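Colleague: structure, please.
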Amino acid sequence: MKSWLWCFILLLTNHGAQSLNLSCRTTTSCGGNSSDIRFPFTIRGRSSGYQGFPGFDLSCAGRNQTLLHLPNSVNLTLLSIDYESQLVHVKSPDECMPRQLRDLDFASLPLKLEGSLPTYTLFNCPKLSHITSSLSWVTCLGSTVFSLASGSPLNDVNLVSCTKMYDLQLPALSNEDQSLMLSWSNPRCSRCYKSKEECCVLKQGPNPDPEVECSGDATRKRVSPLRKGLIAGAVLGSVFIVVVLFVLYRAYRYDRREKEYRHKIEKFLDDYNALKPTRFSYADIKRITSKFGVELGRGAYGTVFKGKLSSEIQVAVKVLTSSSIENGEDFVNEVGTMARIHHVNVVRLIGFCADGFRRALVYEYLPNDSLQKYISDGKNQTSSLGWKTLQDISLGIAKGIEYLHQGCEQRILHFDIKPHNVLLDQNFNPKISDFGLAKLCAKDQSAISMSTARGTIGYIAPEVFSRNFGNVSYKADVYSFGMLLLEMVGGRKNIDVATTAADGGGEQIYFPEWIYSLFGESREDVRFDLEEAEEEDGKIARKLAIVGLWCIQWNPVDRPQMKLVVQMLEGQGDDLKPPPNPVSSNPGGGVFRMASMVKSKPVQELEIIPEIE
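Modeller: Predicted coordinates for the structure are as follows:
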C-alpha cells in the first residue's frame, strides 16, 4: 500500500518537477587551444547519457584539431564556437572549400550558412583562350575550373567551350580565405550560455527534437505564479485524496483482520475440542452403545459395538478384553499414538474410557466395514470391488502409512498393517486403524529394539522374527503393505493357489511366489486371466502386483520407502519393472512358506528365531 501511494504521488507531481529532470553534459575539448565543446555538440566516443543533436557530431584529429562531421562524408576543421551567438567558424582541411561543399544541401541541415552569401557557378573551360575580369580561377579544383559570380556581366565572357559544373554559396572564392560561418537556431541554448549556465535536455524519452532547459535556478524560477499555484494545488489535493483513501483502507483492513483473527481462534478451539480425545466414563460408554446392543465385530483384543454420540454422529466403540486390559500397554499405545495423528487415511480416535479395570476406545464410525470383507481367499468372495476402486484404496493406505512414517513429529511404526485393520468409509476411502502394537521412534533412528515379535502371521516382516534378516525399522510396515497389496490382487483374481506336485499330490505354494509366477518369462506381462475385464484393469493389476513384490523384498534395504511407493501407485505403471523373485534365495524360505499359509491371526507370544552365529 505504501509503495502504491508513493507511485501515485510521483505520477501526479511529475509535470511540476519536470524541469528538475535534466540531462546536463559537462564541458570537454580536444586539448591544446581547441574550442570548448558543450551542448548541443558532442565528441564521438566520449558521449554518456544524452547523445546530442543530429548534425552536431565532432571528433578529435591530430595536432589537437577538432573536426565537424557533415553528411556525405564532409569533414570541416572547427576553428571556434560562439555559444551565445550560436555560431560556428569552420574551414576546409584541404584548403579547398568548393570541393567540400559540392554535395551539401544546407537547407536540410541544422547548421545553416550564416548571412546572405553570393552564389557562384563553377565552369570547366579546358579551351578558354581569354580570361575576363568576371571569371575567377579556382586553382584548388584544377587549372581549367573557373567561377562566375551571380549577376556578373556576360557580354565579354566566351563560355562556348565551357561546361557548367555546379552552383554553391560562399563568402569568397579567393585562395586565401577558405573558411565560413555556420549558425544554428535549434536547440535554443544562447539564453543559457548568456546566463553562464549549462544548456540541458529534458529527459522525455526518444524524442527527436527534445526540449532544453537551463541548469541554473534562474531559468527554473521563470515558472509563472499561476502555474506554480496550479501545480501546488494539484499536488496538495492529490495528496489529501490519497491520504483519505489510505486511512479508509487501513481502517477496512484492520476491521477485516480482526474478524479473521476472531474466526481463526474460534475455528481452532472448535477443531481442538473435536480432535482432542475425550475421556468417557463407563456409564457414558453404556449410554453411547445403548447397553452394547449392536455388535459390529469381535477380535483378539476386544469387541466392537456401534454407538451414537448424538442423533447425527455415529461411532464405533471397542471394548477391550480382560487379557489386553491386564497388560495395559496396547491401550496406552493406542491412545498415546492416535492422539498425535490427524490424517484423512487414518481412523480418528474420538475418545476413550479408563474407568477402573474397564477400558474402551471410541472411534469414528465407518459404515463399509474393513477391507477384509471385500477381498477373499478365492473360494468365498462375498462381494467385489472394481480395479479402479482397489487402486484408490491401495493409494490411500500408502499415503496413510507415509504420514505415519514422515508426517508426525516422531515416526510411528504400526506393525500390524493388514486388510482387517483397514476400514472403509461410505465412499470407500481407506483409513488405517488398530494402533495397539504401534511404536514411536525418532525419524533419524535407523533401527529399533524389540523383545518379542509383533504383528499378524502372513504380514510380519522377516527381520521382526530374526535379526539375521536385518534391523527392525519402518521397512517392516512396507513389507506388511506389500503383502496386503498381493492379497488384494490375489483375492480379486479369485483362483486357487494349489498346484499339483510331481507325485500327483496337492501341495500349497508360497502366496507371493504364486503372484510372481503370474509374470511371463520376460517378466514384463502379467498373465492374469480376468474374465470380461478391460485392458485398463489388467494394467492396474500388473502395477499393484509389481509394487507389492517390491515391498516384500527380504532385505529391508531393497524395499522402497513409502514416499516412492506412493509415487509408483500414482503413476501409470507402464515403466515399472518386476523386482527379483523375493523368495527364490531367501535364507528362511521354509519358515515363511509355512507361515504365509497359516490362517491370519495376531502374534501374541512368538519366540524369536535364534540368530545365526
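Colleague: need phi/psi at R279.
Modeller: phi -90, psi 120 (degrees, to the nearest 10).
Colleague: now do the contacts for M450.
Modeller: By C-beta atoms under 8 Å, 6 or more residues apart in numbering, M450 lies in contact with K439, V464, V472. To be clear about C-beta, it is placed using only N, CA and C from the backbone, and glycine gets the same treatment.
Colleague: now, those residues that are in strands?
Modeller: Mapping the contacts of M450 onto strands (DSSP state E) picks out K439.
Colleague: redo the contacts of M450 as JSON lines? Include neighbour count, pLDDT and distance to F246.
Modeller: JSON lines is the format used below for the contacts of M450 (neighbours: other C-beta atoms under 10 Å; pLDDT from 0 to 100; distance: C-beta to C-beta, whole Å):
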{"residue": "K439", "neighbour count": "19", "pLDDT": "86", "distance to F246": "58"}
{"residue": "V464", "neighbour count": "23", "pLDDT": "87", "distance to F246": "67"}
{"residue": "V472", "neighbour count": "23", "pLDDT": "89", "distance to F246": "64"}
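Colleague: how about the contacts of M450 in CSV, adding distance to D36?
Modeller: Output for the contacts of M450, formatted as CSV (distance: C-beta to C-beta, whole Å):
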residue, distance to D36
K439, 90
V464, 95
V472, 91
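Colleague: now D103: closest residue in space, sequence neighbours ignored.
Modeller: With sequence-adjacent residues excluded and distances taken as C-beta to C-beta, 6 or more residues apart in numbering, D103 is closest to N72, at 4.5 Å.
Colleague: gap between the one you found and L101?
Modeller: As judged by C-beta to C-beta, to the nearest Å, N72 and L101 stand 10 Å apart.
Colleague: more neighbours: which of those two?
Modeller: Shown here are N72 and L101; by other C-beta atoms under 10 Å, L101 has more neighbours (21 against 10).
Colleague: could you look up the SS state of the closest residue to the more buried one other than its chain neighbours?
Modeller: Excluding the flanking residues, the one nearest L101 by C-beta to C-beta, 6+ apart is L168, at 5.3 Å. Of the three states, L168 takes strand under DSSP: H, G, I helix; E, B strand; the rest coil.
Colleague: mind listing what's buried in stretch 425-440?
Modeller: F428, P430, K431, I432, S433, D434, F435, G436, L437, A438, K439, L440 (16 or more other C-beta atoms under 10 Å).
Colleague: what does stretch 306-326 give?
Modeller: K306, G307, L309, V315, A316, V317, K318, V319, L320, S324, I325.
Colleague: coming back round to it: and the residue nearest to D103, how far is that from R102?
Modeller: Taking C-beta to C-beta, one finds N72 at 9 Å from R102.
Colleague: how about L236?
Modeller: 62 Å.
Colleague: so which of the two has more stuff around it?
Modeller: R102 (15 against 10).
Colleague: the nearest residue to the more buried one once chain neighbours are set aside: neighbour count?
Modeller: Excluding the flanking residues, the one nearest R102 by C-beta to C-beta, 6+ apart is Y166, at 6.0 Å. Per other C-beta under 10 Å, the neighbour tally for Y166 reads 12.
Colleague: which residues sit in contact with Y166?
Modeller: Y166 neighbours (C-beta under 8 Å, 6+ apart): R102, T121, L122.
Colleague: how about CSV for those residues, with distance to L549 and pLDDT added?
Modeller: Listed next are the contacts of Y166 as CSV, based on distance: C-beta to C-beta, whole Å; pLDDT from 0 to 100:
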residue, distance to L549, pLDDT
R102, 95, 82
T121, 106, 88
L122, 103, 87
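Colleague: closest to Q567 out of those?
Modeller: R102 (81.6 Å; C-beta to C-beta).
Colleague: now the closest one: how far from M338?
Modeller: R102 is 102 Å from M338, by C-beta to C-beta.
Colleague: that older thread, pick out the lowest-pLDDT one from the buried residues of stretch 425-440.
Modeller: Ranked by pLDDT, the buried residues of stretch 425-440 bottom out at G436 (79).
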